[in-house]
Each structure stands twice: as C-alpha cells, then as structure tokens.
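J.: please work out how this folds:
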Amino acid sequence: MDEVLRSDEAAVLAAEYGRASVTDAVRAELQSLRMKLGQGRFLDGEFESALGSLAASLRRRLESGTEPSLRRVINAAGVLIHTNLGRAPLAREAAEQAATVATAYSNLEFDLTEGQRGRRDDHAQRLFEQLFAREGLAETSTLVVNNNAAAVFLALAAMAEGGEVVVSRGELVEIGGSFRIPEIMARSGASLCEVGTTNRTRIEDYERAIGERTRLLLRVHRSNFEIVGFTDSPTLGQLVELGQRRGIPVLEDLGSGALARLDEFGVSGEPTVQDSLRAGVSLVTYSGDKLLGGPQAGLITGEPGCVARLRQHPLFRTLRVDKMCYAALEATLAAYLREDYDALPLLRMMRTPAESVRARCQALLPSAAGLRAEVVATETMIGGGAAPGKSLPSFALALSCEAIGATKLALRLRQQKVPVVARIKDDWLLLDLRTVDPEDDAYLAQTLAGIIPG
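T.: Have a look, this model is predicted:
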C-alpha cells in the first residue's frame, strides 16, 4: 500500500481527490485484490494484469465514489407530479433566483429600509397578498413551512393542542410515506373526534359532536382517492357557517395547492386555494411543489389572527424553510402575478395539446433502431396526491424488443448518463412525452439509436 501511495499515479489522483480519499481507495482496491486472490478467482496472468491497471481501477473507484447520488432524470413515465421523481419541476427563473441567493449573502431576515432585523416570511407574504387581493381576498396572511404535513401539524398544535378536532371518517386519509391524519393529530397534542361514516357524513354529525373541548373543525381534501356511489358530505360553506355560528375555526387541508383555475388546462373540479378562502375557512394548508408548481413547501393561508398564532408557536422555528426556498417561491408567485403559466413547467406540460405530443413521438420513431416502435394513445396522470382520478389525453412512444424484453429495456434506459424513467404496459415500454421537456427529445433520439447494440 505504501508503494502505491508513493507512485506518480497516486500523486496525480491525490491532487484531484485529496490524499485521504486516495488512501481509502487504495486500501479498498487492495483488499478486493486480496479477496479475489484468496478465492482463486484469478486465471494465469490476470493478477499481474490487475496490478498493472491499478491506477485506472483507483480512478474509477474515486469517480464513482464522489459523483452525486441525486441526479437529473427524464420523466417519461406519464405522471406529471411524480413524487418519486421530485414532484413538480421548478421554473427556470425560480432555480436561477434560488442559485443567486444561495451563492451570496441575502436580506433573508434583514430590513434594508430600516437597517435592522426583519422577518423571513415577509418576502413571500407580499406576493401572496397581491395574488389573493386580485380576487377580493385582501385580509389574508400566509406562512411558509417545509411541507404540507408540517403545515397541518403546526396548525393542529397551535390551534387545538389539548382540545378536540372534529373530522369526518371519510377524510381520515393516509398519503405517501405513511402520513396518516389520526397519527399526526395525536402527535400535535389534539384529540380526534370522528363523525359520520366512511361514505356519508352530514353537517348534523359535526354539530352534534361539538362540545366544550372542540377547538377546530377539520376538512381534509381527498387528494389521492375518490369515494363514489352512495355518498354524502357537507359543503365547505356549510362547515364554515357552522363554525362561525358556534365560534369554532375551520381548518382545511387542501393538499394540492392549485392557485390557477385548472379547467383551461384540462382538469375540472379541482378546488383552488382561493375557493377555500372565499368560502370563509380560517386556515387552509397546501403544498408548494404540487399543482402550484414551486419548491417543496407547506403553505398556510388564512385569517391574519390565526396565522399569527401559528407564527408564535415554538414549532414554527423547527419547521421553517431556508433562503433558497423563499427565493424559488417568490419567482414562482411572480409568474402567477404575470399570468405567465408557460413559465411554470408543470402548467406548461398540462396545457400542451395532445397532438403536439403525438408529433414529437412520430419524430422519434426513426431513432428506435433495432426496436419495434409504435405511437399509441395514452393518458397522463396528474399524480402526486393531486386531482384524484384525473388524467390528460396524451401519446407515447411504445417500444418492444424480443431479444431482451420490456423489463431489461427499461433498465437500460435507467442506466444511461441521464436516466430515462418509463413505464411498462402489456410487455411494451411506454415513453409518454407529455412529461418530457422538448429540449430532451434530441437526447432521447440519441439514446434510443444506441440502446440495442448493432
């Protein structure tokens, strides 16, 4: 080992990766050689050859050990808000603004006019105020935490700790990562009061449940499932009217966080944050990286007095976000203020005509050398626990290869320099281009042309 570390090759590697990293790599590489030698896995001449190529092996080990594990991928799976792939992609302006404040000092908590300490959440608050004021919702305040689960947790802890929260049995949901409403409520210090049944809950059920310990009425948006058939539930307006009459705040966990009416994007029936505020809820919580199309964040909007209670709670500091999140959120909200929806990748993909997707698929057909390829109609799912059951018409490039099959073909795509994630259906590999940036089409063409060696 000492001899290897004194070599010229090791000196070159140490200048690039640091001597400690090179020492670790040499130790691991030599141990691997000893193990193979002891197991008799070297044929004649192979051990000497391995020693001769030790420098190259060390470089490969160092390169693989230091390259980022978190990488950009191409989402051709046909799910717009793909939680496993990072949910909604950020707008380019949002990423640039985050990079700007990340690589320098910033006025995160500094009032440039007064020259003294300021509040970090003021940066986003002013933009939210402008957005909501346009729709006659001037008396609102907004708080930013690190995700919607944190937003719900903070709201429950600040508004209902030691008391009861009334919620319908049909809304005791579990979302990804085993986040369950009953469990998060228990951790917040609030008690759960279930009313109604799984499929039918009436406003009278809520009213009968209200008692001396009732602190909140909770409405949870069924963001990742639907109940159909023999169902009933009160409107949000009815719940708000009951809360106002009995002096109890209403908290709505909206989840998906749409700020624009999505009917023009092909998705009907999805409530907006403004709908909830207009109905009169005291607080509404929602995600920043779902239908809003911004960074991961939990957003809490509502009556200024209620929001102030949350801001003063000790949990707020533990759940707050950093300067990069605020910067990206500001840039995202600025696009909404300009009504520049094409600047937001998620909304741009949603409003892309299906025929445009078909044309891109057709253009890729000649690149699929050695593969059976067709353009097929498909449906792009909204995903991410938003707009349950909703999809958009789309087209996909369907690929098959008898020699290796769809599973191995999918693996080869995931092993590319920029991994491509697709989905398998009926032994075909489908690449839905609605969820692929058109700028990546050239890379897809190059990848498909070489996926099956000639």
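J.: now residue 79, nearest residue through space, not along the chain?
T.: residue 383 (3.9 Å; C-beta to C-beta, 6 or more residues apart in numbering). For the C-beta atoms, the positions are set from N, CA and C on the backbone; glycine is no exception.
J.: please read the previous query as pertaining to residue 362.
T.: residue 375 (5.7 Å).
J.: touching stretch 4-17 from outside, list them.
T.: Stretch 4-17 is contacted by residues 22-23, 25-26, 30, 54-55, 58-59, 62, 66 when judged by C-beta atoms under 8 Å, 6 or more residues apart in numbering.
J.: now, which of these lie within helices?
T.: Per DSSP state H, helices hold the following members of the contacts of stretch 4-17: 22-23, 25-26, 30, 54-55, 58-59, 62, 66.
J.: just among those residues, which is most surrounded?
T.: Tallying neighbours with other C-beta atoms under 10 Å puts residue 22 at the head of those, with 24 neighbours.
J.: and the gap between that one and residue 50?
T.: 18 Å (C-beta to C-beta, to the nearest Å).
J.: that older thread, now do the buried residues in the host helix or strand of the residue nearest to residue 362.
T.: Assigned by DSSP states H and E, residue 375 belongs to strand 372-381. For strand 372-381, the buried set under the neighbour-count rule, 16 or more other C-beta atoms under 10 Å, comprises 373, 375, 378, 380-381.
J.: now stretch 159-170
T.: For stretch 159-170, a neighbour-count test (16+ other C-beta under 10 Å) marks 159-160, 163-168, 170 as buried.
J.: the closest residue to residue 451 other than its chain neighbours and residue 262, how far apart?
T.: Distances taken as C-beta to C-beta, 6+ apart place residue 412 nearest to residue 451, at 5.6 Å, with adjacent residues excluded. Distance of residue 412 to residue 262, given as C-beta to C-beta: 36 Å.
J.: which one's more surrounded, the two?
T.: It is residue 262, of residue 412 and residue 262, that has more neighbours when counted by other C-beta under 10 Å, with 23 against 16.
J.: ramachandran angles for that one?
T.: Backbone geometry at residue 262, expressed as degrees, to the nearest 10, gives phi -90, psi 0.
J.: tell me who's in contact with the nearest residue to it once chain neighbours are set aside.
T.: Closest residue in space to residue 262, ignoring its immediate chain neighbours: residue 270 at 5.0 Å, by C-beta to C-beta, 6+ apart. Contact analysis of residue 270 by C-beta under 8 Å, 6+ apart lists 256, 258, 262, 291, 386-387, 390.
J.: same check, this time on residue 397
T.: Residue 397 is in contact with 361, 364-365, 368, 373-375, 430-431, 433, counting by C-beta under 8 Å, 6+ apart.
J.: can you tell me the helix or strand for it?
T.: Applying DSSP H and E as the criterion places residue 397 in strand 391-400.
J.: show me what the helix or strand hosting residue 156 is packed up against.
T.: Here residue 156 sits within helix 148-160, counting by DSSP H and E. Counting contacts by 3 or more C-beta pairs under 8 Å, 6 or more residues apart in numbering; DSSP states H and E, helix 148-160 is packed against strand 141-145, helix 181-188, strand 214-220, strand 250-255, strand 283-287, strand 298-302, helix 304-312, helix 315-319.
J.: most tightly surrounded among those?
T.: strand 283-287 (a mean of 29; mean count of other C-beta atoms under 10 Å).
J.: list the contacts of that strand.
T.: 147-148, 151-152, 155, 159, 249-257, 273, 276-277, 292, 296-303, 306-307, 310.
J.: surely residue 356 is within a helix?
T.: Yes. Remark: residue 356 belongs to a helix, assigned using DSSP: H, G, I helix; E, B strand; the rest coil.
J.: quick one: it from residue 56, how far?
T.: Counting by C-beta to C-beta, the separation of residue 356 from residue 56 is 47 Å.
J.: more neighbours: those two, which one.
T.: For residue 356 and residue 56, the more surrounded residue by other C-beta under 10 Å is residue 356, and the numbers stand at 14 against 10.
J.: and the pLDDT for the more buried one?
T.: pLDDT for residue 356: 97.
J.: please apply the same query to residue 385.
T.: The score at residue 385 is 67. That number is its pLDDT.
J.: ok so residue 451 is a strand residue?
T.: No. Counting by three-state DSSP, residue 451 is not part of a strand but coil.
J.: give the contact list for it.
T.: Here residue 451 is in contact with 370-371, 409, 412-413 (C-beta under 8 Å, 6+ apart).
J.: what's the answer for residue 444, then?
T.: Residues near residue 444 by C-beta under 8 Å, 6+ apart: 74, 76, 364, 367, 420, 431, 436.
J.: most surrounded residue in the residues you listed?
T.: The most crowded member of those, judged by other C-beta under 10 Å, is residue 431 (27 neighbours).
J.: how many neighbours does residue 60 have?
T.: The burial count for residue 60: 13, using other C-beta under 10 Å.
J.: from now on call the first residue 305
T.: Sure, I'll start counting at 305 from here, so that last one is residue 364.
J.: now it: how far from residue 332?
T.: Separation of residue 364 from residue 332 (C-beta to C-beta): 12 Å.
J.: now swap in residue 612 and tell me
T.: 56 Å.
J.: still on that earlier bit, would you convert the helices and strands packed on helix 452-464 into JSON lines that also reports distance to residue 422 and mean pLDDT?
T.: What follows is the helices and strands packed on helix 452-464, written out as JSON lines (distance: least, C-beta to C-beta, whole Å; pLDDT from 0 to 100):
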{"stretch": "strand 445-449", "distance to residue 422": "15", "mean pLDDT": "96"}
{"stretch": "helix 485-492", "distance to residue 422": "29", "mean pLDDT": "77"}
{"stretch": "strand 518-524", "distance to residue 422": "31", "mean pLDDT": "93"}
{"stretch": "strand 554-559", "distance to residue 422": "28", "mean pLDDT": "93"}
{"stretch": "strand 587-591", "distance to residue 422": "24", "mean pLDDT": "96"}
{"stretch": "strand 602-606", "distance to residue 422": "20", "mean pLDDT": "97"}
{"stretch": "helix 608-616", "distance to residue 422": "14", "mean pLDDT": "96"}
{"stretch": "helix 619-623", "distance to residue 422": "16", "mean pLDDT": "94"}
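J.: adding distance to residue 416, write these out as CSV.
T.: Below are the helices and strands packed on helix 452-464 laid out as CSV (distance: least, C-beta to C-beta, whole Å):
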stretch, distance to residue 416
strand 445-449, 20
helix 485-492, 37
strand 518-524, 38
strand 554-559, 34
strand 587-591, 30
strand 602-606, 25
helix 608-616, 22
helix 619-623, 23
